[in-house]
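Asker: Got a predicted model here, sequence first, then my questions.
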Amino acid sequence: MSTASQSQSSLFDAGGLIDDQQAAFARTRMQAMIERLKTASSPFWRDEAAVILDDGAFQRAMRLVPPDEAQSLWVEFDAQMERLYAIWAAARASPSEAASGP
């Protein structure tokens, strides 16, 4: 019974050891997400919920790699998300500007 309580408490231990296999999977997934964003010349999101889901998935994966690496990957991911979001926001603003024109 103490083993179960020890393993359960380690699930919530922020200073716990990082599982190498999970970290490798998370790292691969985050790098693929970054690469997908880098190669996109226009946003591929259907709606704002899709943006939130991508962001959340990346942040969850960050918990599985060492903090320094997670922060480095986040900087890349965030820059690409901001780039695409700016394109998306500009495209969404354009039709209303055109409709209100002369």
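Answerer: Yep, it's here. Here the structure is a predicted model, which means the values were calculated and not measured.

Asker: buried ones in the helix or strand residue 94 falls within?
Answerer: For residue 94, the element it lies in under DSSP states H and E is helix 67-99. For helix 67-99, the neighbour count (16 or more other Cβ atoms under 10 Å) marks 70, 73, 74, 76, 77, 80, 81, 84, 88 as buried. In short, each C-beta sits where N, CA and C put it, glycine included.

Asker: Let me know the pLDDT of residue 55.
Answerer: The model reports residue 55 with a pLDDT of 92.

Asker: So residue 44, which state does it fall into?
Answerer: coil (DSSP: H, G, I helix; E, B strand; the rest coil).

Asker: And for it, the neighbour number?
Answerer: The number of residues packed near residue 44 is 12, by other Cβ atoms under 10 Å.

Asker: For it, grab phi and psi.
Answerer: phi -110, psi 10 (degrees, to the nearest 10).

Asker: can you pull the contacts of it?
Answerer: Residues near residue 44 by Cβ atoms under 8 Å, 6 or more residues apart in numbering: none.

Asker: Per-residue pLDDT of it, please?
Answerer: pLDDT, residue 44: 84.

Asker: what's the distance between it and residue 22?
Answerer: 27 Å (Cβ to Cβ, to the nearest Å).
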